[in-house]
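K.L.:
Just need the structure, nothing else, for what follows:
(chains A, B, C and D)
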2 protein chains.
Amino acid sequence: MEKSDSEQRLQSRSIQPTAVRTMVLDYMIEQKAAVSLADLEDHFSRSDRTTLYRTLKTFLEHGLAHQIHDESGSAKYALCAENCTCSYPDDLHVHFYCSSCQNTFCFTELQIPSFNLPPKFQPDHGNFVITGRCANCAA
Amino acid sequence: MEKSDSEQRLQSRSIQPTAVRTMVLDYMIEQKAAVSLADLEDHFSRSDRTTLYRTLKTFLEHGLAHQIHDESGSAKYALCAENCTCSYPDDLHVHFYCSSCQNTFCFTELQIPSFNLPPKFQPDHGNFVITGRCANCAA
DNA sequence: TGACCTTTGCAATAGTGTTGCACCGGGTTG
DNA sequence: CAACCCGGTGCAACACTATTGCAAAGGTCA
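P.N.:
Residues are numbered from 1 along each chain as shown, chains lettered A, B, ... in the order given. The predicted structure is shown next:
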């Protein structure tokens, strides 16, 4: 039996590829914007909120996705790149939250130039969000 | 009757200096870390949650304070500098959220080197948070 | 004093995040 | 086969944050 790409992607992060997890991953792969728990609830109405919540939590814990805190009030989730460690400062990229359409986009190609923190502060990871209007809504 | 510094600071942002507002502003001035609504509730137990909530909202609307979204799940608020406009890219500074003591600090002196957004994206303001351990907790 | 406006307090609600517990199906072991 | 274990899932409940509606309090001004 052949394995789908997403199943392999789950296994490569040591996550059991269950039906829900594979579906959620597939869904996240197609999205251009980061997804919230509410998005998943809407889209997978046959699955339980808790299951989707724990699915996202599992993705976070295994480094498959990262969490973004924008001004929408609810956490968003986006897939990490294959080789992403989500740690500072290597994987520090910018997100853009559109206050018009409430979408949050990952600009993984947009690395932040490095800067120095005050002494003794030990960074672990970062959450950078620019708020404004996205290319679609600004038109 | 002489006016206190905080009363003048409120008036300079066109905010009526009521008792609650002046007290909250005084409190925020003394804090080294950003405050949450829950912090205010704890400290001003004689005032109502709603009043404190609306006080912060007023501060935001008049550019007296800015909002920070860290991983704590609740919004934090910190005073803006006198000349701050809170707009991109001039007032883009870094915040540090300590996952150990849950405090969030403003590094207003730490400007981000500039970078370019994709075309047509119209930025308004930013929310940059580094998570890790603060100088106190790292010891 | 009375009309008016702002501020404040109280109550209630929506929404998000989170946990406990029970069930189910699959694999394992006696 | 039966007893068991275990991860995943679903249901219910709860905590906490954010937010709104409405009524009371207080200040201002004619």
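
K.L.:
now for the helix or strand bottoming out on mean pLDDT in chain A, which elements pack on it?
P.N.:
Every helix and strand of chain A was ranked by mean pLDDT, DSSP states H and E. The lowest is strand A:104-111, at a mean of 88. Secondary-structure packing of strand A:104-111 (3 or more Cβ pairs under 8 Å, 6 or more residues apart in numbering or on different chains; DSSP states H and E): strand A:76-79, strand A:93-98. For glycine as for every other residue, the C-beta is placed from the backbone atoms N, C-alpha and C.

K.L.:
Mind checking these for the one nearest to DNA strand D?
P.N.:
strand A:93-98 (14.2 Å; Cβ to the nearest atom of the strand).

K.L.:
near chain B at all, the closest one?
P.N.:
Yes - using Cβ under 8 Å from any Cβ of the partner chain, strand A:93-98 reaches chain B at A:94, A:96.

K.L.:
orientation of that strand relative to strand A:104-111 in degrees?
P.N.:
150 degrees (axes from the mean of the first three to the mean of the last three Cα atoms, to 10 degrees).

K.L.:
Can you tell me what sits against strand A:93-98?
P.N.:
A:34, A:68, A:70-72, A:78, A:103-112, A:127-134, A:136-137, B:115, B:117, B:121, B:123 (Cβ atoms under 8 Å, 6 or more residues apart in numbering or on different chains).

K.L.:
Buried residues of that strand, list them for me.
P.N.:
Within strand A:93-98, the residues that count as buried by 16 or more other Cβ atoms under 10 Å in any protein chain shown are A:93-98.

K.L.:
quick one: contacts for the residue nearest in space to the middle of chain A?
P.N.:
Using Cα atoms, centre = their mean, the residue of chain A that lies closest to the mean C-alpha position is residue A:78, 1.6 Å off. Counting by Cβ under 8 Å, 6+ apart, residue A:78 touches A:28, A:34-35, A:65-66, A:68, A:95, A:104, A:106.

K.L.:
quick one: it and residue B:29, what's the gap?
P.N.:
Applying Cβ to Cβ, to the nearest Å, the value for residue A:78 to residue B:29 is 37 Å.

K.L.:
any idea where the strands of chain A begin and end?
P.N.:
A:35-36, A:65-68, A:76-79, A:93-98, A:104-111, A:122-133 (DSSP state E).

K.L.:
And for the residue nearest to residue A:91 when sequence neighbours are not counted, the neighbour number?
P.N.:
Of all residues not flanking residue A:91 in the chain, residue A:84 sits nearest, at 5.1 Å (Cβ to Cβ, 6 or more residues apart in numbering or on different chains). Neighbour count for residue A:84, taken as other Cβ atoms under 10 Å in any protein chain shown: 16.
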